[in-house]
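# got a predicted structure plus its sequence, pasted below:
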Amino acid sequence: MEETLLVVNCGSSSLKLALFDGEHRKLASALAERINQKDAFARISGDQETITLPHHASHEQALRVLVSAFRERQLMTSSLSAIGHRVVHGGENFRQSVRIDDGVISAIEKCSELAPLHNPVNLSGIHATCKLFPHTPQIAVFDTAFHQTLPRHAFMYAVPSVWYQDWSVRRYGFHGISHGFIACEAARVLEKPLEATSVISAHLGNGCSITAIRDGASADTSMGMTPMEGLVMGTRSGDIDPGLFDYLQGKGVNAEELHQALNRKSGLLGLSGETNDMRSLCKLAESGHDSSRIAIDVFCFRLARYIGAMMASLKELDALVFTGGIGENSDLVRETTLSHLSLLGFEVSTERNRTHGRSSQHRINSDGSRFPVLVIPTNEELVIAREASRLASPA
Ligand code: ADP
């Protein structure tokens with residue numbers, strides 16, 4: 001029988017679906033936005049038409065509408081062989097993807113405390129597809145799983161250790177689906193076995209993180225207990241001095257306001273005062289908008305610092321890899337970042353960096369660079385489809 005795989009990625013106000021065939025080729029995708037709001041809508045890729053969803057449509061309602069739309073358009077002609085879900089937090093329970101059963105659902109529920117903004121919505125997606133496709137194998141693919149190889153010295157915070165024992169306070173890391181994919185792709189490009197490949201993977205999208213991958217496994221990463229630690233991001237601050245909490249409390253800022261400000265009003269948006277969108281910032285900076293230039297400079301400097309920090313986890317470095325919307329598309333970000341790293345021997349080729357995207361070349365370093373620098377597109381949906389297919393088939 002022909003294989004069709006559905007990939008589900010639930011965000012707090014969005015639902016992304018992708019359909020793949022048995023060869024893992026993408027057949028279609030769809031995005032529902034403003035879920036649980038009065039003006040929810042959806043779009044199927046390649047379609048001009050916007051699909052209006054019921055007022056305050058839930059993830060389940062959006063899923064039903066989009067699955068019917070796939071069927072009407074003959075995009076989903078056979079029954080589904082597996083459904084793969086992106087799940088943000090697997091805590092220490094999940095070192096790899098798993099087939100979902102009641103035990104897995106309650107373990108994901110337990111991790112909700114660690115990711116209150118993400119795991120409950122991921123579970124809404126799981127419950128919705130279980131209702132709609134009760135006989136189809138469902139697979140959970142975790143953002144944290146790839147980082148379960150972090151050594152203790154990289155995952156422990158220097159705080160009272162009882163916080164780890166009693167409350168699971170530690171660094172978990174995120175974007176693992178992407179970093180794991182980049183490790184495999186880099187190994188392929190470099191023609192090395194994965195177990196012998198060591199790279200630094202910089203995933204720069206709306207959320208940003210960087211991972212040191214040593215012999216194919218995560219050895220250090222910039223995100224921590226939550227996806228707020230580390231690099232400057234679209235609207236998140238990344239690292240800040242914890243002393244700021246006290247200081248701002250003294251100014252009358254309460255914990256909730258602080259959380260909102262650091263999560264939603266900081267990063268590129270906070271610095272520029274204009275937008276969290278790097279493409280727009282690059283245009284603004286070009287036209288002389290000073291705070292957009294500052295936002296890009298802080299973003300790149302923090303990234304460069306972290307690239308240096310990741311070296312502490314590696315014995316050798318086969319390549320530095322840029323990925324994610326910004327990493328794949330912004331030659332300015334790549335060049336500015338690498339300009340801080342000449343002491344480490346990184347050297348960009350202006351020409352290769354600028355023309356990247358117009359050729360199939362991954363390499364953007366100059367011939368004299370001590371380390372290769374690659375640009376490799378990430379594909380988290382493909383990883384989830386592959387995992388769903390692998391775990392749905394009987395061993
Ligand atoms: P998400 O984390 O939501 O998946 P993406 O990986 O799609 O996000 O990355 C979105 C970011 O990529 C945005 O800041 C966007 O402006 C940026 N981006 C996309 N194309 C370009 C470009 N040509 N130049 C600079 N930034 C770009």
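Received, thanks. It should be emphasised that the depicted structure is a prediction, and the values quoted were computed from it without experimental measurement.
# where does the stretch 1-150 of the chain have low pLDDT?
Residue ranges of the stretch 1-150 of the chain with pLDDT under 70: 1.
# what segments of it are helices?
For the stretch 1-150 of the chain, applying DSSP state H, counting those that start in this stretch gives helices covering 59-72, 102-111, 119-132.
# format these as JSON lines; extra columns: mean neighbour count and distance to the ligand.
In short, each C-beta sits where N, CA and C put it, glycine included. Output for the helices of the stretch 1-150 of the chain, formatted as JSON lines (neighbours: other CB atoms under 10 Å; distance: least, CB to the nearest ligand atom, whole Å):
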{"stretch": "helix 59-72", "mean neighbour count": "20", "distance to the ligand": "18"}
{"stretch": "helix 102-111", "mean neighbour count": "16", "distance to the ligand": "21"}
{"stretch": "helix 119-132", "mean neighbour count": "19", "distance to the ligand": "15"}
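# now for the residue of the stretch 151-300 of the chain found nearest the ligand: which residues touch it?
Nearest to the ligand, among the residues of the stretch 151-300 of the chain, is residue 205, at 2.6 Å (CB to the nearest ligand atom). Contact analysis of residue 205 by CB atoms under 8 Å, 6 or more residues apart in numbering lists 234, 324, 325, 326, 327.
# check which helix or strand the last one maps to.
When secondary structure is defined using DSSP states H and E, the element that contains residue 327 is helix 324-329.
# other residues contacting that helix?
For helix 324-329, with CB under 8 Å, 6+ apart as the criterion, the contacting residues are 178, 202-206, 208, 278-279, 321-322, 333-334, 357, 375-378.
# mind saving the C-alpha coords of that helix as PDB?
The C-alpha trace of helix 324-329 is given here as PDB (Å, rounded to 0.1, in the frame of the first residue of the first chain):
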ATOM      1  CA  GLY A 324      17.500  28.600   9.700                       C
ATOM      2  CA  GLY A 325      15.800  31.500   7.900                       C
ATOM      3  CA  ILE A 326      18.500  34.000   8.900                       C
ATOM      4  CA  GLY A 327      21.500  31.600   8.700                       C
ATOM      5  CA  GLU A 328      20.500  30.400   5.200                       C
ATOM      6  CA  ASN A 329      19.600  33.800   3.800                       C
END
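# and the closest residue to residue 280 other than its chain neighbours, which of the three is it?
Distances taken as CB to CB, 6 or more residues apart in numbering place residue 274 nearest to residue 280, at 7.3 Å, with adjacent residues excluded. Recorded secondary structure, residue 274: coil (DSSP: H, G, I helix; E, B strand; the rest coil).
# I'd say residue 274 and residue 290 touch.
No. Between residue 274 and residue 290 there is no contact, the gap being 11.0 Å when judged by CB atoms under 8 Å.
# the more surrounded of those two?
residue 274 (15 against 10; other CB atoms under 10 Å).
# who's in contact with that one?
Listed by CB under 8 Å, 6+ apart, the contact partners of residue 274 are 280, 281, 284, 289, 291, 292.
# tell me what residue 52 is bridged to.
When bridges are called by DSSP bridges, residue 52 pairs up with residue 41.
# surely it meets residue 38?
No. Residue 52 is beyond contact range of residue 38, at 11.2 Å (criterion: CB under 8 Å).
# more neighbours: which of the two?
residue 52 (12 against 9).
# distance check, that one against residue 237.
According to CB to CB, to the nearest Å, residue 52 stands 36 Å off from residue 237.
# before we move on, the earlier item: what's the pLDDT at the residue nearest to residue 280?
We note a pLDDT of 96 for residue 274 in this prediction.
# what residues does the protein put near the ligand?
Proximity of the chain to the ligand (CB under 6 Å from any ligand atom) is limited to residues 205-207, 234, 277-279, 282, 324-326, 329-330.
# go again with 8 Å.
Residues of the chain lying close to the ligand (CB under 8 Å from any ligand atom) are 203-207, 234, 268, 276-282, 324-326, 328-330, 332-333, 378.
# filter the residues you listed to the buried ones?
Among those, the ones that count as buried by 16 or more other CB atoms under 10 Å are 203-207, 234, 268, 276-278, 281-282, 324-326, 328-330, 332-333, 378.
# nearest residue to residue 154 in space, ignoring adjacent ones along the chain?
Of all residues not flanking residue 154 in the chain, residue 220 sits nearest, at 4.5 Å (CB to CB, 6+ apart).
# the host helix or strand of the one you found pairs with which strands, parallel or anti?
Residue 220 is located in strand 217-221, with elements delineated by DSSP H and E. Based on DSSP bridges, the pairing partners of strand 217-221 within the sheet are strand 208-214 (antiparallel).
# CA atoms only for the strand it pairs with, dumped as CSV, please.
The C-alpha trace of strand 208-214 is given here as CSV (Å, rounded to 0.1, in the frame of the first residue of the first chain):
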residue,chain,number,x,y,z
CYS,A,208,18.1,31.0,17.6
SER,A,209,20.5,28.4,19.1
ILE,A,210,23.9,27.0,18.5
THR,A,211,25.2,23.5,19.2
ALA,A,212,28.6,21.9,19.4
ILE,A,213,28.2,18.5,17.9
ARG,A,214,31.1,16.2,18.7
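# would you mark the buried spots in the one helix or strand residue 260 maps to?
Applying DSSP H and E as the criterion places residue 260 in helix 255-264. Buried residues in helix 255-264, counted by 16+ other CB under 10 Å: 262, 263.
# quick check, the residue in this structure closest to the ligand?
residue 325 (2.0 Å).
# that residue and residue 333, how far apart?
For residue 325 relative to residue 333 (CB to CB), the value is 11 Å.
# can you tell me what sits against stretch 281-294?
So stretch 281-294 is contacted by 268, 271, 272, 273, 274, 275, 295, 296, 330, 332 (CB under 8 Å, 6+ apart).
# now the second one: which helix or strand?
Think residue 271. Assigned by DSSP H and E, residue 271 belongs to helix 267-272.
# and the helix holding residue 260, what does it pack against?
Judged by 3 or more CB pairs under 8 Å, 6 or more residues apart in numbering; DSSP states H and E, the packing partners of helix 255-264 are helix 243-250.
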